Every structure is written in structure tokens, then in C-alpha cells.
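Peer 1: Let me see the structure of the following:
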Amino acid sequence: MNAHHDPVLDQTAALGIVHEVMPCDPDLADTAVFCEAYGINPADSANAILVAGKPRADEPQPFALCLVLATHRLDVNGIVRRRLGTRKASFANADQTRSLTGMEIGGVTPFGLPEPVPIWIDAAVMGRDEVVIGGGSRDRKLRLPPEGLLVLPGAEVVEDLARPVDPD
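Peer 2: Numbers count the residues shown, from 1 in each chain. Predicted structure coming up:
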């Protein structure tokens with residue numbers, strides 16, 4: 001990203017979202033490693049996960065960006081599949097993610113997306129005082145109150161989008 005135009009920071013500024021930019025070693029950007037290295041509680045870290053539905057003939061492939069706490073697992077085969085309106089749904093691969101969001105896995109954020117995509121926020125995310133999410137690249141994260149996510153176009157809170165992971 002060039003310093004003159006940063007779609008992520010441009011959108012957070014345009015929407016007036018209170019946030020902190022947290023620099024991060026790109027090698028430590030993956031959630032579990034990041035939380036351990038930077039002392040962040042995984043319950044305060046949310047992953048932005050691009051999901052893809054199996055397209056129907058002559059229709060574009062449906063996508064959605066899901067925000068889920070690191071302590072939860074996305075219900076891809078249940079809620080996500082039904083909301084996408086498809087027979088099958090899966091995590092988008094790295095190429096699809098890069099193509100649609102312009103971001104690398106480990107840095108994906110719902111801010112600054114180059115094209116509109118539904119943003120589904122698991123209700124558990126909204127129960128946190130603040131969350132740390134991807135910052136648009138692997139070298140930064142954003143810390144913000146979860147209410148800041150709700151001003152994004154296409155953002156919607158979804159009950160039971162993800163389930164808590166058994167810590168064992």
C-alpha cells in the first residue's frame with residue numbers, strides 16, 4: 001500500500017471510527033501467534049474470514065466477510081451456508097481472498113474493501129469492550145470498540161454465526 005492512499009485508514013477516518021493502529025511483525029500476524037507475542041487475550045481478538053458459497057449456474061459466486069472471535073469457530077456448514085443461500089460453503093482460499101479484498105490472510109479487515117461484500121459479525125464480538133482485528137496488511141492490527149464495526153456499509157450482527165471452541 002502506498003502512503004498516500006490507504007483504503008483501510010481512509011475509511012476508518014471517513015467514518016469517524018475511534019481506533020488504535022498496532023504495528024505488528026508480519027511473521028507474527030497469524031492470530032494465535034500474534035496474541036501470544038503481543039499479550040492480547042484471544043477473546044479480544046477477532047478474525048475476518050472470507051467465506052465463499054458454491055455458485056449456481058449463471059450466477060456470480062456469493063461471498064461474505066465474517067468477523068469471529070479467536071475463541072470461536074465459524075459455523076460454515078450451518079448458518080453461513082444458509083445465509084449465502086447455497087448448497088455448499090467454504091473458507092475462501094488465499095487467492096480468492098487477495099482478489100476480492102486486496103489483502104493477505106493474516107491482515108484481512110472489513111475496512112477499506114475494494115468492493116462491497118456483506119459483513120457478518122458474530123454476536124459474541126459485540127460483547128467485548130474492544131477487539132483487535134486485521135489492519136489491512138500483515139504488519140498492523142486495529143484495536144477498536146466493536147460498535148465501530150456497525151457503521152460499515154453492509155455490516156450486520158448475526159446470532160450464533162460461530163460457536164465457542166472447547167479450550168482443550
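
Peer 1: use CA for all of it now, contacts and neighbours both
Peer 2: Fine.

Peer 1: same question for the helix or strand hosting T12, mean pLDDT?
Peer 2: Here T12, judged by DSSP states H and E, is contained in helix 7-14. If you average the pLDDT over helix 7-14, you get 95.

Peer 1: Buried residues, that helix. List them.
Peer 2: Neighbour counts over helix 7-14 (16 or more other Cα atoms under 10 Å) mark 7-9, 12 as buried.

Peer 1: quick one, strands of the protein?
Peer 2: Per DSSP state E, the chain has strands spanning 20-23, 46-53, 63-69, 72-74, 89-91, 119-122, 131-134, 140-144, 155-158, 162-164. These are given in chain order.

Peer 1: Need these in JSON lines (columns: distance to E36 and mean pLDDT).
Peer 2: Rendered in JSON lines, the data for those read as follows (distance: least, Cα to Cα, whole Å; pLDDT from 0 to 100):
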{"stretch": "strand 20-23", "distance to E36": "15", "mean pLDDT": "97"}
{"stretch": "strand 46-53", "distance to E36": "14", "mean pLDDT": "96"}
{"stretch": "strand 63-69", "distance to E36": "15", "mean pLDDT": "97"}
{"stretch": "strand 72-74", "distance to E36": "17", "mean pLDDT": "96"}
{"stretch": "strand 89-91", "distance to E36": "24", "mean pLDDT": "95"}
{"stretch": "strand 119-122", "distance to E36": "23", "mean pLDDT": "98"}
{"stretch": "strand 131-134", "distance to E36": "13", "mean pLDDT": "98"}
{"stretch": "strand 140-144", "distance to E36": "14", "mean pLDDT": "98"}
{"stretch": "strand 155-158", "distance to E36": "28", "mean pLDDT": "97"}
{"stretch": "strand 162-164", "distance to E36": "19", "mean pLDDT": "95"}
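
Peer 1: highest average neighbour count across those strands?
Peer 2: For the strands of the chain, ranked by mean neighbour count under the definition mean count of other Cα atoms under 10 Å, the leader is strand 131-134 at a mean of 28.

Peer 1: Going by contacts, tell me the helices and strands next to it.
Peer 2: Strand 131-134 is packed against strand 46-53, strand 140-144, with contacts defined by 3 or more Cα pairs under 8 Å, 6 or more residues apart in numbering; DSSP states H and E.

Peer 1: I40 is nearest to which of the strands of the chain?
Peer 2: Nearest to I40 among these is strand 131-134; the distance by Cα to Cα comes to 8.3 Å.

Peer 1: Give me the contact list for that closest one.
Peer 2: The contact list for strand 131-134, computed with Cα atoms under 8 Å, 6 or more residues apart in numbering, reads 44-48, 106-109, 125, 140-146.
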